[in-house]
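Undergrad: predicted model and sequence follow; I will ask about them next.
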Amino acid sequence: MPTNYLRAILKLRMPVFLALLTLGSTAVAQEVSFALLRPEAITPAPAVSVSIQPATSTEVPTHRFWDRKNTALFATSAAFTTADFFVTRANLQSGGQEFNPVTRMFGSSSAGLAANFAGETIGVIGISYFFHKTGHHKLERAVSLVNIGSSAAAVSFGLAHR
């Protein structure tokens, strides 16, 4: 059955080729000769003068790094990170396992685990400060929000799977 479709397609090949050849020759005959163009019609366009004006800079409202919003975000981030430390430590002492490969390296002792979570909090503040200095104020606050969300999810998961 599939060969019947193939034969029908192949039978149409020659008439389609001849039709394209016939129609294509009329399209080629429509060429314009450059010799028929008048030389005065081929003049260059007049030069356009562009005056560049300095852009007026709008003042971006800046804020201090340790403003009320950042202080609240960093305190919330530190609180959730501390809760994550205590839940992770309790789960590891009762025979659970750590899913985060970075935290897993430090999870053999309570001091190592505390250093990991303290470093996480310091890292969040450092990355936020970098974004603040480079003028990315939305990203500055987003770093804390992402850390709060991930720590809250870790705490919830740890408490649900005791």
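TA: Arrived safely, thanks for sending. Numbering: from 1, shown residues only.
Undergrad: helix or strand: which one has the residue most central in space within the chain?
TA: Of all residues in the chain, the one closest to the mean position by Cα atoms, centre = their mean is residue 139, 12.6 Å from it. Here residue 139 sits within helix 137-160, counting by DSSP states H and E.
Undergrad: what do you get for residue 113?
TA: Per DSSP H and E: helix 110-133 holds residue 113.
Undergrad: dump that helix to PDB, restricted to CA.
TA: The C-alpha coordinates for helix 110-133 follow below in PDB (Å, rounded to 0.1, in the frame of the first residue of the first chain):
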ATOM      1  CA  SER A 110      28.100  19.900  65.200                       C
ATOM      2  CA  ALA A 111      30.800  22.500  64.900                       C
ATOM      3  CA  GLY A 112      31.300  21.800  61.200                       C
ATOM      4  CA  LEU A 113      27.600  22.000  60.700                       C
ATOM      5  CA  ALA A 114      27.400  25.300  62.600                       C
ATOM      6  CA  ALA A 115      30.300  26.700  60.500                       C
ATOM      7  CA  ASN A 116      28.500  25.700  57.300                       C
ATOM      8  CA  PHE A 117      25.200  27.500  58.200                       C
ATOM      9  CA  ALA A 118      27.100  30.500  59.600                       C
ATOM     10  CA  GLY A 119      29.000  30.700  56.300                       C
ATOM     11  CA  GLU A 120      25.700  30.400  54.400                       C
ATOM     12  CA  THR A 121      24.400  33.500  56.300                       C
ATOM     13  CA  ILE A 122      27.600  35.400  55.800                       C
ATOM     14  CA  GLY A 123      27.600  34.500  52.100                       C
ATOM     15  CA  VAL A 124      24.000  35.800  51.600                       C
ATOM     16  CA  ILE A 125      25.000  39.100  53.200                       C
ATOM     17  CA  GLY A 126      28.200  39.300  51.100                       C
ATOM     18  CA  ILE A 127      26.400  38.600  47.800                       C
ATOM     19  CA  SER A 128      23.700  41.100  48.700                       C
ATOM     20  CA  TYR A 129      26.400  43.700  49.400                       C
ATOM     21  CA  PHE A 130      28.000  43.000  46.000                       C
ATOM     22  CA  PHE A 131      24.700  43.600  44.300                       C
ATOM     23  CA  HIS A 132      24.100  46.700  46.300                       C
ATOM     24  CA  LYS A 133      27.500  48.200  45.300                       C
END
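Undergrad: start the count at 3 instead of 1 going forward.
TA: Understood, numbering begins at 3; the last thing we discussed is helix 112-135.
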